[in-house]
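A.B. asks: Would you be able to build a 3D model of this:
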Amino acid sequence: MATNISTTDSDAADPAVADPATLDARFEAEALQFLDQLYGAALRMTRNPADAEDLVQEAYSKAYGAFHQFTPGTNLKAWLYRILTNTYINSYRKKQREPQLSDDDEVQDWQIARAASHTSGGLPSAESVALDQLPDGAVVDALHELPESFRLAVYLADVEGFSYKEIAEIMDSPIGTVMSRLNRGRSRLRHLLTDHARSIGLVRDDASGSPVKESHS
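C.D. replies: Next up is the predicted model:
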């Protein structure tokens, strides 16, 4: 009898076998607080409000169904973003296929090492002061021009502030792959934004051909 009582007490404390009402209450209190953030991420992924709503709804439906498997005390936000990202990759990106990288476009080891020296604070470049003056729309447009895997990595790092490890979990990829995508994505984004800044007179090329901030005295 003592053994049965011990097992019952253990089961009652186990979130995997919690009663449905308890799981519902936890899901509503803990998971739904990220709804607006996930919708913002979904909107950047799909670029369409209706598709974003559908994506979030499907992701939350999957999260609810799997919530008994989530370990309390771990990173719920990253867990939800992983479900959202996987749902997008498996369902929604088929509507907007993008060119895949060729073998020649693979990132080399030295680029991965250089990526490791970057933080998630933004675009590390000499012309960053000028780029900060660009309107948000220009940044969003440039972000959408990146290949999908680069765009997601840059978004998760520089907009959402996830660490390399968290992004690796969300995208279900090795940390080295995440670092290379982030490094390459930031580089491409910087070049796109620099070209735009040059076109509207925020930067100019110096004698060596390097972009510098335009001075308006």
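
A.B. asks: now L143, nearest residue through space, not along the chain?
C.D. replies: R151 (5.9 Å; C-beta to C-beta, 6 or more residues apart in numbering). C-beta here means a position set from N, CA and C on the backbone, and glycine is covered the same way.

A.B. asks: ugh, wrong one, L32
C.D. replies: Nearest residue to L32 in three dimensions, chain neighbours excluded: Y60, at 8.0 Å (C-beta to C-beta, 6+ apart).

A.B. asks: swap in A59?
C.D. replies: Setting aside the residues directly before and after it, A59 is nearest to L84 in space (C-beta to C-beta, 6+ apart), at 4.2 Å.

A.B. asks: Tell me how the protein divides into domains.
C.D. replies: 2-96, 107-213 (automatic domain parsing).

A.B. asks: Now the weakest link among these, please, by mean pLDDT.
C.D. replies: Mean pLDDT is lowest for domain 107-213 among the domains of the chain, at a mean of 68.

A.B. asks: does the residue nearest to L32 really touch A42, like I thought?
C.D. replies: No. Counting by C-beta atoms under 8 Å, Y60 stays clear of A42, with 10.4 Å between them.

A.B. asks: And for stretch 164-171, what's in contact with it?
C.D. replies: If you take C-beta atoms under 8 Å, 6 or more residues apart in numbering as the criterion, stretch 164-171 is touched by 75, 78, 81-82, 85, 149, 152-153, 156-157, 162, 173-175, 177-179, 182.

A.B. asks: follow-up on the earlier one: where does the residue nearest to A59 sit relative to Q69, distance-wise?
C.D. replies: Noted for L84: a distance of 16 Å to Q69, by C-beta to C-beta, to the nearest Å.
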